[in-house]
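S.K.: With the sequence up front, the predicted model follows.
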Amino acid sequence: MRDQLAAMPILTTCLRHFVLLSVAVPLTVIMASPALAQLNTVKPVTTTRQLQQSASTLSQPDEPVLIKTDLVTMTVSVTDTNGRQVSGLEKKDFTILDNQLAQEITFFSDDDLPASVGIVFDVSGSMSGQSIMKAREALGAFIQTSHPNDEYFLIDFGSRPRLLLNRTLDGDEVLRELSYVAPQGQTALYDAAYLALAQLTNATRRKRVVLIISDGQDNDSRYTFTELRRALKESDVIIYAIGTNPNANTKAEMYGRLALEELASASGGKAFFPRDSGQMAEAFERVAVELRCQYSIGYRPANFIANGKWHRVKVTVRSPTELKRVFVRSADGYYAVGSVR
């Protein structure tokens, strides 16, 4: 089934010219890797000590672990005024500013690459059984549209996160695991997202994604939102969020929505807030297609100093002649990490 979907016209169209979707963008700071020696690129290593700990253990955060870097890579999506992704662009169409200094692009690719995808599923008491069922059904659309070589792991959370499934290529197995969950307990969203980042440090795919299905509220985590956001910006992970409560009315509900939007934005991903089952299925499919229609761009920063400071990055693109305007989304920067301490 997934092999058939891999050849769907919508994906073929995306890779050739346009596709109906919005955005996606992570940033990765990397160092030497034999697997990519032919490109003279390097493997993602930026992380924190917490993320180097066992994925099954949560502890209070420490200082960042700083590691020498060489090449900065980022994933970029380009859309037109109707939100359709623009494909077919070339390296010469892109410009990168690092702390306002123009950079030479040394690596460029628009290949359809598989991803390591961590699915973080809210089963706390704030989620109704019906919401869980609808989200599980819509998740099937995501899995069917994803790359056939994507690998998955599954985390659910109420008062604490649980790793239910680790490293599988079988998307149906993910859906089977979710058949047995029931809403209960408080909500430890930040701990669950942090656990997902930890799991992804050992991922086998270069593209690393966390897909959060939740209302965004948190009332039982040991990690704070600030700690989670910092760890996220030190990682090479994209976060997508599917909000299960589109009608945010109370202060807690509105804060939950803002939390999902901020986490997605910080990583270069996107948050969706579907209002019905149809919109939810569409949101999952849009995420899956976006992940398969992105540009990878790499450069070595001029006058790079590994001092751990934040570098702001801006990516611009020259509009194709047939389009009046295009929009670019990418991560907004990276930490210039240095030697391990």
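M.R.: Cool, got the structure.
S.K.: contacts and neighbour counts: CA atoms only from here.
M.R.: Will do.
S.K.: Surely Leu164 and Glu177 touch.
M.R.: Yes - using C-alpha atoms under 8 Å, Leu164 is in contact with Glu177, at 7.3 Å.
S.K.: how about the strands in the stretch 1-150 of the chain?
M.R.: Using DSSP state E, counting those that start in this stretch, the strands assigned to the stretch 1-150 of the chain run over residues 18-20, 27-32, 42-44, 47-48, 64-65, 71-79, 84-86, 94-98, 101-103, 105-109, 115-122.
S.K.: weakest of the ones you listed by average pLDDT?
M.R.: Per-stretch mean pLDDT for the strands of the stretch 1-150 of the chain is lowest at strand 42-44 (a mean of 32).
S.K.: show me the contacts for the residue nearest to Asn149 when sequence neighbours are not counted.
M.R.: Nearest non-adjacent residue to Asn149, counting by C-alpha to C-alpha, 6 or more residues apart in numbering: Pro114, 5.5 Å away. By C-alpha atoms under 8 Å, 6 or more residues apart in numbering, the contact set of Pro114 is 147-151, 205, 207, 292.
S.K.: If any of the residues you listed are buried, give me the ChimeraX selection for them.
M.R.: Selection of the buried residues among the contacts of Pro114 in ChimeraX, burial being defined by 16 or more other C-alpha atoms under 10 Å:
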select :147,148,149,150,151,205,207,292
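S.K.: Which of the contacts of Pro114 fall in helices?
M.R.: Of the contacts of Pro114, none are assigned to helices by DSSP state H.
S.K.: and which of the contacts of Pro114 is nearest Thr106?
M.R.: Lys207 (18.8 Å; C-alpha to C-alpha).
S.K.: Quick check: the closest one touching Ser116?
M.R.: Yes - counting by C-alpha under 8 Å, Ser116 is a contact partner of Lys207 at 6.3 Å.
S.K.: Next one: the nearest residue to Gly171 once chain neighbours are set aside relative to Gln186, how far apart?
M.R.: Using C-alpha to C-alpha, 6+ apart and skipping the chain neighbours, the partner closest in space to Gly171 is Ile143 (5.9 Å). In this view, Ile143 and Gln186 are 28 Å apart by C-alpha to C-alpha, to the nearest Å.
S.K.: and if you look at Glu151?
M.R.: 29 Å.
S.K.: for Phe94, same thing?
M.R.: Phe94 is 46 Å from Gln186, by C-alpha to C-alpha.
S.K.: Ile213 too?
M.R.: Taken as C-alpha to C-alpha, the span from Ile213 to Gln186 is 15 Å.
S.K.: Looking only at neighbour counts, state which of the two leads.
M.R.: Ile213 (25 against 19; other C-alpha atoms under 10 Å).
S.K.: Please compute how far whichever strand or helix holds the more buried one lies from its chain's middle.
M.R.: Assigned by DSSP states H and E, Ile213 belongs to strand 207-214. Centre-to-centre, strand 207-214 and its host chain are 5 Å apart (C-alpha atoms, centre = their mean, to the nearest Å).
S.K.: in the stretch 151-300 of the chain, which spans are strands?
M.R.: 151-157, 161-168, 207-214, 237-243, 270-272, 295-299.
S.K.: Which strands and helices lie in contact with the fifth one?
M.R.: Contacting strand 270-272 under the criterion 3 or more C-alpha pairs under 8 Å, 6 or more residues apart in numbering; DSSP states H and E are the following elements: strand 237-243, helix 251-267.
S.K.: go again using 10 Å as the cut-off
M.R.: strand 207-214, strand 237-243, helix 251-267, helix 277-291 (3 or more C-alpha pairs under 10 Å, 6 or more residues apart in numbering; DSSP states H and E).
S.K.: Ok, the first one next?
M.R.: Counting contacts by 3+ C-alpha pairs under 10 Å, 6+ apart, the secondary-structure elements packed against strand 151-157 are strand 115-122, strand 161-168, helix 171-177, helix 189-200, strand 207-214.
S.K.: pLDDT weak spots in the stretch 201-341 of the chain?
M.R.: Along the stretch 201-341 of the chain, segments meeting pLDDT under 70 span 338-341.
S.K.: mind redoing it with 50?
M.R.: For the stretch 201-341 of the chain, the stretches with pLDDT under 50 are 339-341.
S.K.: follow-up on the earlier one: intersection of neighbour lists for Lys207 and Ser116?
M.R.: 150, 200, 237 (C-alpha atoms under 10 Å, 6 or more residues apart in numbering).
S.K.: Buried residues in stretch 130-143, which are they?
M.R.: Going by 16+ other C-alpha under 10 Å, stretch 130-143 has these buried residues: 131-132, 134-143.
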